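In: with the sequence up front, the predicted model follows.
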Amino acid sequence: MSEDRVKEGWDPKIAAIVCNWCTYAGADLAGISRIQYPPNVRIIRVPCTGRINPFYIVRALQEGADGVLVSGCHPGECHYITGNLSARRKFAMLKIFLDYLGLEADRTTFTWCSASEGERFAKVVSGVTERVRQLGPAKKLVKSL
Amino acid sequence: MEAIEKKLREEAKKLLEEKKVDVIVGYEAGTLPLTAAPAFVTDPSDTTKLVWNALCVQNLAKYVHDVVSQHRNAQKRVKPENRTKKVVGVVGRGCTTRSIILHLQERQYTREEIVVLGVPCRGYVDKKKLSVLLEGQEIVHGALDGERLKVTTAAGDRIVAVADVLADNCLICRFNNPVISDLMAGEPAPAMRSDEEYDAVKAFESRPSEERWAYFEKEMAKCIRCYACRQACPSCYCPECFAEQSRPRWVGIGEDASDTQVFQIMRIFHMAGRCVDCGSCVAVCPMGVDLRTFLKKLDKDAYELFGSRVGASLDDPPVLSTYREHECEDFIYNP
């Protein structure tokens, strides 16, 4: 199936799980400021990065996302004080673990982006899209049905 | 070993007679040759059936949790003024006590509800290794004689050294003596080869990514999703497992290979900073899936990134339930 996707002019699909208070507002700012960024991200808004179950990321990869982007408030700026600090530990381990299993490390990306960083959000999305494009369509862990 | 067993029975009997504990969770001889099964002793005269030897495989912390939570649930139907506490005595070797520490840290029960009868551990016999050595012959009769196993199969009698069939996780065990104990039966056991603890993981890490994925796929293809690993795991105690949840349905129940992979990835990842490497999951796996290669990696990461080993001390919280202000910033993407 993935080979067909290449033939048809495959374009990466990226699930962006972002926190309501910083990155979502940052994405909003990018939009308001009319900053151009690739249309490959599908934004999923969650209250806080600490709320993201590692399962979301694994499931997104299984359901056919070519890349997953997780972004929240910068450390120390979390709306819930420490949500992103707990999340950081969790994701640090998850990223290393997925790489260890043999899934491409660049498919999962973690970053911070505040509400005032519309410019940065656009850069992150461009960078991630480019990285995922280099990897090609996801083949591992993808559900075939 | 006999001396330890004798002391263990005496102490267990004393605890039950003095009513310091309501039940002792220990091991008894299994119904099949060369096996031991978990035993729940409530009568002091039954303590003679307790055993402690190299055939005791399962991590008993699982059963402690079961007994305590069952009792708690039963107490819900009792008037508050009539509620009782149940004190569980447990035969605890190193990994069992580490699991107990994890349970205590995760507030599953309190320290007053358990009495740990510490035992030194020299490792347990891996049934699969023994089976390979016996070329798959069924064990008709077997006896443990000190450091040797006397095995009778259809092909004849054999003597196998316990040291040759010890489980992989026991060979590199760092905590083969109880971390916490109220009573101790016997002298501390000699250290195992804990400096080689992460050798297997390091070897796996150095293989190319495609090979690692191929290995993971191959191992998970064996899995029949019987969930025995989860049932045996002392850290898997959720009242409802994600594998069975239907709202949301986290993992598909079809025969798609990716569903099994996702189930295993998530079960293994739930062990991040929680796996004590007791080997119970591997021991009960009917298909011989290599889970330890992946579980041990999380243990290694937790130690290398956060400097903490699960259940090494009561004051050292599980890695994912705490944080530091500045740490592991190198994985954050900066365009």
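Out: Good, I have the coordinates.

In: what about residue 97, neighbour count?
Out: In the absence of a named chain, chain A is used. When neighbours are counted by other Cβ atoms under 10 Å in any protein chain shown, A:Phe97 registers 19. For every residue, glycine as well, the C-beta is placed using N, CA and C.

In: let's do chain B instead
Out: 24.

In: for it, give me phi and psi.
Out: With angles defined as degrees, to the nearest 10, B:Thr97 sits at phi -70, psi -30.

In: and what of the one 10 residues further on?
Out: Note on B:Arg107: its backbone torsions stand at phi 50, psi 50 [degrees, to the nearest 10].

In: do the same with B:Glu28
Out: phi -130, psi 170.

In: which ones are touching it?
Out: B:36-39, B:49-51 (Cβ atoms under 8 Å, 6 or more residues apart in numbering or on different chains).

In: so what's it scoring on pLDDT?
Out: pLDDT recorded at B:Glu28 is 95.

In: tally of neighbours for residue 144?
Out: Reading this off chain A. Count around A:Ser144 with other Cβ under 10 Å applied: 9.

In: sorry, I should have been clearer: chain B.
Out: Neighbours of B:Leu144 (other Cβ under 10 Å): 18.

In: just name the closest of the contacts of B:Glu28 to A:Tyr100, please.
Out: Comparing these against A:Tyr100 with Cβ to Cβ places B:Pro38 closest, at 33.1 Å.

In: and the closest one, that one's in a helix?
Out: No. Read with DSSP: H, G, I helix; E, B strand; the rest coil, B:Pro38 is strand and lies in no helix.

In: tell me how far it lies from B:Glu81.
Out: According to Cβ to Cβ, to the nearest Å, B:Pro38 and B:Glu81 sit 33 Å apart.

In: which secondary structure elements does the helix or strand harbouring B:Lys296 contact?
Out: If you go by DSSP states H and E, B:Lys296 is part of helix B:292-306. Helices and strands touching helix B:292-306, by 3 or more Cβ pairs under 8 Å, 6 or more residues apart in numbering or on different chains; DSSP states H and E, are helix A:83-101, helix B:199-205, helix B:209-222, helix B:257-269.

In: confirm A:Arg45 sits in a strand?
Out: Yes. Remark: A:Arg45 belongs to a strand, assigned using three-state DSSP.

In: where in the chain is pLDDT low?
Out: This is for chain A. Along chain A, segments meeting pLDDT under 70 span A:1-7.

In: if you could check chain B rather than the one you did, that'd help
Out: By pLDDT under 70, chain B has no low-scoring segment.

In: map the structural domains onto the sequence of it.
Out: Domains of chain B are assigned by automatic domain parsing as B:2-123+B:174-184, B:127-165, B:198-321.

In: I'd like these laid out as TSV, including distance to A:Lys139.
Out: Output for those, formatted as TSV (distance: least, Cβ to Cβ, whole Å):
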stretch	distance to A:Lys139
domain B:2-123+B:174-184	37
domain B:127-165	32
domain B:198-321	10
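
In: please enumerate residues in contact with stretch B:185-199?
Out: B:3-4, B:7-8, B:11, B:52, B:117-123, B:170-174, B:176-177, B:296, B:300.

In: what about 7 Å?
Out: Residues outside stretch B:185-199 that contact it (Cβ atoms under 7 Å, 6 or more residues apart in numbering or on different chains) are B:3-4, B:7-8, B:11, B:117-123, B:170-174, B:176-177, B:296, B:300.

In: hmm, back to that, out of the contacts of B:Glu28, who's nearest A:Leu61?
Out: Nearest member of these to A:Leu61, counting by Cβ to Cβ, is B:Pro38, at 38.3 Å.

In: on that earlier part again, would you turn the helices and strands packed on helix B:292-306 into TSV with distance to B:Leu133?
Out: Formatted as TSV, the helices and strands packed on helix B:292-306 follow (distance: least, Cβ to Cβ, whole Å):
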stretch	distance to B:Leu133
helix A:83-101	31
helix B:199-205	20
helix B:209-222	21
helix B:257-269	28
